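[1] Sequence first, then the predicted structure, then my questions.
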Amino acid sequence: MGKQRRSGQNPPRKRGGQPGNSNAAGHGAPFKNKNAETHGAYSTVNMGDISPAERKRILGMGADVRAHLLDVLRRLWAKEAGLHARIARLEAGGASALYTEREIEMLVPSGGSGADSDMPGGKAESMTTAMKTIIRAAPFDMIIKLSAELDKTQGRIVKTLDTLRAFENDNKRLDLDRRKYTLAKQKAFGEYNVNLETNELNDDYETDENDNLSDD
């Protein structure tokens, strides 16, 4: 038999915060705080975070799928060229060279006060660099990382090209079906549209009221 609670006894508490608990209210990083950001690959980017030129370009985009795919391809090709250039510079620098990969600073309060828009009221204690660590890497290590990113970029280029090819093939197939439909409609009505200059049947698809007949 299971355990029975006495009348009026509170139910057992579950792990974690209890309903109505507000102990953690107001804690955590403020909105849009980027103090803990490293490379920014997974950061949220809003329209207000980009340049006016990029904002204007995005807002002016239409629904042209082919144009969007070509824009993606151009950006990927530009990134591929940049990665090739970085790798070439590292290879030309020699195996004994060292390159700065990361800089880490340890900050301590300086005792003064300064302005910080991330803190309530815009006030925060000013900080001073107590220790600075510079991590350097050999060209080989950096080339390995750049080569891995180059492989990913080239893979995205191939996938985007496949998508563009599939889109164009779908458009060709749709155009062929429309031409077949036009010829079948001309045959059904006994009226053929002939190009007087070439004396050939005109099978270009054109919509008319007969395409939208209803059962009413």
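    That came through fine. Everything quoted here is computed from the prediction, not taken from an experiment.

[2] mind checking the longest strand of this structure?
    Of all the segments assigned as strand in the chain under DSSP state E, the longest by residue count is strand 99-115.

[3] Can you name every helix or strand that it contacts?
    Using 3 or more Cβ pairs under 8 Å, 6 or more residues apart in numbering; DSSP states H and E as the contact test, the elements touching strand 99-115 are strand 123-137, helix 139-189. Just so you know, the C-beta spots here come from the backbone N, C-alpha and C atoms, and that holds for glycine as well.

[4] What are the contacting residues of that strand?
    90, 93, 122-139, 141-142 (Cβ atoms under 8 Å, 6 or more residues apart in numbering).

[5] Give me the buried subset of these.
    Buried by 16 or more other Cβ atoms under 10 Å: 90, 137, 139, 142, out of these.

[6] Kindly provide the distance from the last one to residue 13.
    The reference is to residue 142. The gap separating residue 142 from residue 13 is 52 Å, by Cβ to Cβ, to the nearest Å.

[7] and what of the third one?
    Counting by Cβ to Cβ, the separation of residue 139 from residue 13 is 58 Å.

[8] just residue 50 next, same as before
    Counting by Cβ to Cβ, the gap from residue 50 to residue 13 is 47 Å.

[9] and if you look at residue 80?
    57 Å.

[10] Tell me which of the two has more neighbours.
    Just comparing residue 80 and residue 13: by other Cβ atoms under 10 Å the higher neighbour count belongs to residue 80, 16 against 7.

[11] Which strand or helix spans the more buried one?
    If you go by DSSP states H and E, residue 80 is part of helix 65-92.

[12] Run a quick neighbour tally on residue 154.
    15.

[13] sec struct for residue 19, please.
    coil (DSSP: H, G, I helix; E, B strand; the rest coil).

[14] Counting by contacts, list what the helix holding residue 80 packs against.
    Using 3+ Cβ pairs under 8 Å, 6+ apart, the elements in contact with helix 65-92 are helix 139-189.

[15] so where's the protein uncertain?
    1-9, 24-29, 36-42, 95, 111-125, 196, 198-199, 201, 203-216 (pLDDT under 70).

[16] domain ranges for it?
    64-95+138-191, 98-137 (automatic domain parsing).

[17] Need the ones you listed in a markdown table (columns: distance to residue 19).
    Shown next, in a markdown table, are the domains of the chain (distance: least, Cβ to Cβ, whole Å):
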| stretch | distance to residue 19 |
| --- | --- |
| domain 64-95+138-191 | 45 |
| domain 98-137 | 27 |
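
[18] which one of the ones you listed is the most hemmed in?
    domain 64-95+138-191 (a mean of 13; mean count of other Cβ atoms under 10 Å).

[19] end-to-end on that domain?
    Across domain 64-95+138-191, the terminal residues are separated by 35 Å (Cα to Cα, to the nearest Å).

[20] What about residue 33, how many residues nearby?
    Residue 33, neighbours per other Cβ under 10 Å, totals 12.

[21] so it sits in a strand?
    No - remark: residue 33 does not belong to a strand; assigned using three-state DSSP, it is coil.
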